[in-house]
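Participant: need coordinates for the below:
(2 chains)
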There are 2 protein chains.
Amino acid sequence: MRTLDWLLGTPIATSEAEKQRIGPLAGIPILGLDAFSSAAYGPEAALTLLLPLGVTGLLYVGPIMALIALILLIVYFSYRQTIAAYPLGGGSYSVARENLGPKAALLAGAALALDYILNVAVGISAGVGALVSAVPSLLPHTLKLCLAILALLTLINLRGVKESGLAFMLPTYLFVATLGGIIVIGFAKTVLADGHPAPVEPPPALPIGTEAVGAWILLRAFASGCTAMTGVEAVSNGVPLFKNPPTVNAQRTLGMIVAILVALLAGIAGLSRAYGVVATPPGETGYQSVLSMLTGAVVGRGSFYYLTMAAVVAVLALSANTSFADFPRLCRVLAEDRYLPGAFVRRGRRLVFSNGIILLAACAAALLIAFGGITDRLIPLFAIGAFLAFTLSQAGMVAHWRRTPSPHARRSMIINAVGATSTGITLLIVAVSKFADGAWITVVVVPLMVIAFSRVNRHYRRIAGQLETIEPLAVPLPRSPIIVVPANSWNKMMKHALDFALRLSSEIYVVQIKTERDSIEDLSDNWELLIGAPAKERGVPEPRLVVLESDVRRFYIPFVDFVFALELSNPDRDIVVVIPELVMTHWWAALLHNNRGMLMRTLLRMQCGPRVFIVDAPYRLHK
Amino acid sequence: MRTLDWLLGTPIATSEAEKQRIGPLAGIPILGLDAFSSAAYGPEAALTLLLPLGVTGLLYVGPIMALIALILLIVYFSYRQTIAAYPLGGGSYSVARENLGPKAALLAGAALALDYILNVAVGISAGVGALVSAVPSLLPHTLKLCLAILALLTLINLRGVKESGLAFMLPTYLFVATLGGIIVIGFAKTVLADGHPAPVEPPPALPIGTEAVGAWILLRAFASGCTAMTGVEAVSNGVPLFKNPPTVNAQRTLGMIVAILVALLAGIAGLSRAYGVVATPPGETGYQSVLSMLTGAVVGRGSFYYLTMAAVVAVLALSANTSFADFPRLCRVLAEDRYLPGAFVRRGRRLVFSNGIILLAACAAALLIAFGGITDRLIPLFAIGAFLAFTLSQAGMVAHWRRTPSPHARRSMIINAVGATSTGITLLIVAVSKFADGAWITVVVVPLMVIAFSRVNRHYRRIAGQLETIEPLAVPLPRSPIIVVPANSWNKMMKHALDFALRLSSEIYVVQIKTERDSIEDLSDNWELLIGAPAKERGVPEPRLVVLESDVRRFYIPFVDFVFALELSNPDRDIVVVIPELVMTHWWAALLHNNRGMLMRTLLRMQCGPRVFIVDAPYRLHK
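Facilitator: Okay, the predicted model is just below:
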């Protein structure tokens, strides 16, 4: 327990939940990291697809990023309303469930859950990828580094929300400040140089166009750039995290996140144009990220460059953390509706939903191991889930306003309808243009998850149906049970169990199974001396000794058969099987003893009927 | 169960054990594979160390191999006597235990156990290494191939001794036949060409000597060559495997194995000299194994070459199997003396010691994974264990004969003393000359294993001491227990448990723990209706409802505290905790329910005293 306290912090009482709440200053790093980190790959993804256009491509970065920023603003106004309408956490799942029914809700839930898992794996591996390209000697340790960061994030999150907010504040604000600084300096230089600033560190020469501008290439560039929008839904899920008044604090946080993100996207797009920075082909020698080239062009490769790059690496790696804040909450609502096991509803020692955190870490670890820590190819899978959730959530809000008789309802409905339409169209564009690149995986996995959720739910409903009763107790007459004690040889443990049996009942069977000859001492030799005579002396009915032989060296099967037969031939009696068991003082000691008790219990449960009860008779050793 | 039957075969009765016994023809592959495979690496290991001597090195191969063959013959005569004296299996452990005491025995046991594990890992990886150098496209799959072969071997061995003998007969005899053929043809050609045969496929040019002949280099070459002797002890361990008369069959098998091995070693050494084949530096480009060069020189690279190489690969990979035959038997004797858990004593469904097989496979898999499937560097660790076991076993035999009043005792003692001395000297040479190459690991690991065995033994003796009693039963007076039932809400499962409790006792506590508010329905609301009224009606004492609140959302701790307090305040009563549990019809369904019962049982056992008994009240769902 000490180790756990040290690792995870001492338990926090439920009544202290209020103190764990956060304001916008902590909310921005906790819920905004994911969104900010997309500024590091969104514009780059769009620029990479524009590469075949050569210099001409630069002309289209601006309009594409402007369109993305516009959708981002629409989504912002849409989600502001969701936050106001669902102060208890208006995740896409909850909104869809309430307004569009359980099927749409499960679709949104599955899409988000997949997205959160992908985000953890991709974020960590992108961060490690950036680190490794800076320090190539770390390359062989890619996977280990990924898993170490994952373990660290898991631990921090298990310690609780507030502590994790503090841990992420520094890198997040450093990222915003350094990148913001680069953008401000870059624009100042551009203005001073009449739109043609001289780069300090010149970027690679502009490539020569190999393709003509076409709708398909622009569409694909737009779809790739849309990854810049992932992570924005996080705030609406996390409203209950905020201090009072949570709605206002959440809206304020969302507003600041979107404003910063739009500024970063616009700045990156504008500077790319001004400094003539285009993407370099990923995975080829000479590859450099757009942010690295931009920073080099604006301020040169001095210490400020390295500070900025460090912030980028940190934010990419830590962007996974947004998933850690939201995924467990999503699991909780799914579990409350019985689409997931109840364990996800309970909060852990530090008031966080520990089981959700652990599940997320396990899934992400599996992905990282399966892909050896290099998950770039999972990026196309990403945006689909996010946009599916956006669309369902806003469509749900439209339905919500239609039923609400408020005076603003009509205006609000229009805002959400515009949001739903624009994200819906974007979803279609992304799904079609990225289908072959891996988006099809999402199209396969999400429905499978929906099916799994439904199956789980059916299972719980079936069981609840079978267990349900309003019938009061039918008080039975007292009647002592028939007792069966499995025995090896005579010892204190066995004696303890038999003592208990004799206090409980006068009808006792001691069953000895002989498997290989001579392997255990035959109880019948000393039976009279040890048990028979003392019982007669006291005038108590003597326990009966049953010796069974097993040819194929199986201990349990003849024993279970015996108990089953006893149950059948005594239809009006309880059968109590008393299993003597050693209590070990050390965990490793348990490995040295075969856990006969556990196996026997499992087999008895599987094979026997409802009147067979199994008793653990623990015998404790002294140290 | 069906799947198990198909994979592992149907269970075999103990009475059929006799039919599973083998003769020399099956014994040679089962117990000799390990010995034969060493012919593939022993001479090569010696030749590699002679490389710096250039052509001169070839002059020393003959004498070195002759010395090794001589020791092999001494060991043979020594072990013949061991087999005769210990027909129940005269492994080094048993012989040392009986004659030199438990400490020497544990040393021999640990050395052998380590050796067997290393043999599995090294054998499989050597086989896969040979295969991969023939088919380079398989190189990236080295580890997977190793693990697949390990899994296959494990499965075959779990199916039983006899079947595994059949599976290994073909490759073993193919190896002996093809290699024997090469040797015969090679010598014929040598004789016909007056000692200077023309190679069909010329081996690489002889290297130029870079060092002068010295004692140290010859000693190291001898020590490396000694790996050719590993695996010879296997037969003495496996005497009970043989058909009647086991002693004669085992001696005959050992004789044939040693004869074949000596012939192979002599043939390889002689042909190397005749054809001028020396080793090529391992791990460098142009590397070729000595057997491959020899075969090429004698018969050229035709189909016979490939058949021979295939047999070499198969025998190397399958040599691991000897360990599978012997390691479980070693574990068994260690477990019978309580140095290992009792599970190693019992035979599995197919009359083999399944647990030993599984432990061996697990250790070897761990080694293979840790070394990525390339375990060449473990070879130096090898010979130490084998020679330590040889020496202890024969020293034990010397002590044995000293106490035996037989007329041949003196002569037998001399034979074993010669054996013990020569293997002891070899052990020293190997340990000293290979110390820096990795033999120090054996020197560290073997004592650690001995300590672990002793600890396990002390644990068992301590427990046996505490459990031991010859006191007869002190028959107690019947007295009904106090019953505690943990409750969530009213349902059929709960009703079933309460029914049972009421039949057993009139003093019942129903304990409800409230953790987070509203998460479970309060039983007190309906208590009177469901339980109170029916009990009063029947005139039975009413069960008492206890509602406990837990602030830090822990269900178990307040419950266990309650039971513990109850036990303390009722020093003359049994406390029976009845835990209602759902019986799942599918294994996956168990994952969907929190196993509260198991956790509660563990905590109750750890915290409460000997009068707390725990009852499983299983409630079965219908499909």
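
Participant: tell me the contacts of residue A:119?
Facilitator: Neighbouring residues of residue A:119 by C-beta atoms under 8 Å, 6 or more residues apart in numbering or on different chains: A:34, A:230, A:231, A:319, A:320, A:322, A:323, A:382. C-beta: built from backbone N, CA, C; applies to glycine.

Participant: how's chain A carved up into domains?
Facilitator: Following automatic domain parsing, chain A resolves into domains at A:29-120+A:162-323+A:372-461, A:482-620.

Participant: coming back round to it: quick one: which of the contacts of residue A:119 is nearest to residue A:511?
Facilitator: Of all those, residue A:511 sits closest to residue A:323, with 54.2 Å by C-beta to C-beta.

Participant: number of residues surrounding the closest one?
Facilitator: By other C-beta atoms under 10 Å in any protein chain shown, the residues close to residue A:323 number 30.

Participant: you'd agree it is up against residue A:360?
Facilitator: Yes - Residue A:323 is within contact range of residue A:360, at 6.3 Å (criterion: C-beta atoms under 8 Å).

Participant: what do these two both touch?
Facilitator: Overlap of the contact sets of residue A:323 and residue A:360 (by C-beta under 8 Å, 6+ apart) consists of A:116, A:117, A:120.

Participant: any idea how far the helix or strand containing the last one is from the chain center?
Facilitator: For residue A:120, the enclosing helix or strand under DSSP states H and E is helix A:102-134. Its chain's average C-alpha position is 10 Å from that of helix A:102-134, according to C-alpha atoms, centre = their mean, to the nearest Å.

Participant: swap in stretch A:159-178?
Facilitator: Relative to the chain's own centre, stretch A:159-178 is displaced by 20 Å; criterion: C-alpha atoms, centre = their mean.

Participant: does any bit of that stretch sit next to chain B?
Facilitator: No - if you take C-beta under 8 Å from any C-beta of the partner chain as the test, stretch A:159-178 misses chain B, and the best it gets is 13.0 Å.

Participant: residue A:339 - that's part of a helix, no?
Facilitator: No - in this structure, residue A:339 is coil, not part of a helix, as judged by DSSP: H, G, I helix; E, B strand; the rest coil.

Participant: buried residues, the helix holding residue A:120. List them.
Facilitator: A:102, A:104-132 (16 or more other C-beta atoms under 10 Å in any protein chain shown).

Participant: what's near enough to touch the residue located most distally from the centre of chain A?
Facilitator: Distance from the C-alpha centroid of chain A peaks at residue A:537, with 65.2 Å (C-alpha atoms, centre = their mean). By C-beta under 8 Å, 6+ apart, residue A:537 lies in contact with residue B:475.

Participant: which helix or strand contains it?
Facilitator: Element membership for residue A:537, per DSSP H and E: helix A:533-538.

Participant: can I get that helix in CSV, CA atoms only?
Facilitator: C-alpha atoms of helix A:533-538 as CSV (Å, rounded to 0.1, in the frame of the first residue of the first chain):
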residue,chain,number,x,y,z
ALA,A,533,-13.0,-43.1,18.3
PRO,A,534,-13.3,-39.4,19.4
ALA,A,535,-16.7,-39.1,17.7
LYS,A,536,-18.1,-42.2,19.3
GLU,A,537,-16.8,-41.0,22.7
ARG,A,538,-18.7,-37.8,22.4
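
Participant: follow-up on the earlier one: adding pLDDT and distance to chain B, write the shared contacts of residue A:323 and residue A:360 out as a markdown table.
Facilitator: Converted to a markdown table, the shared contacts of residue A:323 and residue A:360 look like this (pLDDT from 0 to 100; distance: C-beta to the nearest C-beta, whole Å):
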| residue | pLDDT | distance to chain B |
| --- | --- | --- |
| A:116 | 89 | 21 |
| A:117 | 91 | 19 |
| A:120 | 90 | 22 |
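
Participant: got the phi and psi for residue A:511?
Facilitator: phi -110, psi 120 (degrees, to the nearest 10).

Participant: name the nearest residue to it, sequence neighbours excluded.
Facilitator: residue A:546 (4.7 Å; C-beta to C-beta, 6 or more residues apart in numbering or on different chains).

Participant: correct me, but the one you found touches residue A:513?
Facilitator: No - the pair residue A:546 / residue A:513 is not scored as a contact, 9.3 Å apart, by C-beta under 8 Å.

Participant: what about those two, which has more around it?
Facilitator: Counted by other C-beta under 10 Å, residue A:546 and residue A:513 do not tie: residue A:513 has more neighbours, with 20 against 16.

Participant: quick one: the strands in chain A?
Facilitator: A:482-487, A:508-514, A:544-549, A:575-583, A:612-620 (DSSP state E).

Participant: show residues contacting the third one.
Facilitator: Outside of strand A:544-549, the residues within contact range by C-beta under 8 Å, 6+ apart are A:508-515, A:522-524, A:527, A:531, A:558-559, A:562.

Participant: and what of the second one?
Facilitator: Here strand A:508-514 makes contact (C-beta under 8 Å, 6+ apart) with A:482-488, A:498, A:501-502, A:520, A:522-523, A:531, A:543-550, A:555, A:558-559, A:562, A:566.

Participant: just give the number of residues close to residue A:424.
Facilitator: 17.

Participant: identify the residues contacting it.
Facilitator: Shown in contact with residue A:424 (C-beta under 8 Å, 6+ apart): A:387, A:391, A:395.

Participant: hey, where'd the helices end up in the stretch 51-200 of chain A?
Facilitator: In the stretch 51-200 of chain A, helices defined by DSSP state H, counting those that start in this stretch lie at A:55-85, A:92-100, A:102-134, A:142-158, A:161-192, listed in chain order.

Participant: to residue B:235, which of those helices lies closest?
Facilitator: Comparing these by C-beta to C-beta, helix A:142-158 comes nearest, at 45.2 Å.

Participant: flag every buried residue along the closest one.
Facilitator: Of all the residues in helix A:142-158, those buried under the rule 16+ other C-beta under 10 Å are A:142, A:143, A:145, A:146, A:147, A:149, A:150, A:153, A:154, A:156, A:157, A:158.

Participant: repeat for stretch A:452-463
Facilitator: For stretch A:452-463, by 16+ other C-beta under 10 Å, it's A:453, A:456, A:457, A:459, A:460, A:463.

Participant: low-scoring pLDDT stretches of the stretch 101-250 of chain A, where are they?
Facilitator: For the stretch 101-250 of chain A, the stretches flagged by pLDDT under 70 are A:133-134, A:161-166.

Participant: 50 instead, please
Facilitator: Nowhere does the stretch 101-250 of chain A drop to pLDDT under 50.

Participant: could you count how many residues lie near the nearest residue to residue A:530 once chain neighbours are set aside?
Facilitator: Excluding the flanking residues, the one nearest residue A:530 by C-beta to C-beta, 6+ apart is residue B:472, at 4.6 Å. Per other C-beta under 10 Å, the neighbour tally for residue B:472 reads 18.

Participant: is it true that residue B:472 touches residue A:533?
Facilitator: Yes - with contact defined as C-beta under 8 Å, residue B:472 and residue A:533 form a contacting pair (6.9 Å).

Participant: list the residues that contact the residue nearest the centre of chain A.
Facilitator: By C-alpha atoms, centre = their mean, chain A has its centre lying nearest to residue A:360, at 2.4 Å. Neighbour list for residue A:360: A:116, A:117, A:120, A:323, A:324, A:327, A:328 [criterion: C-beta under 8 Å, 6+ apart].
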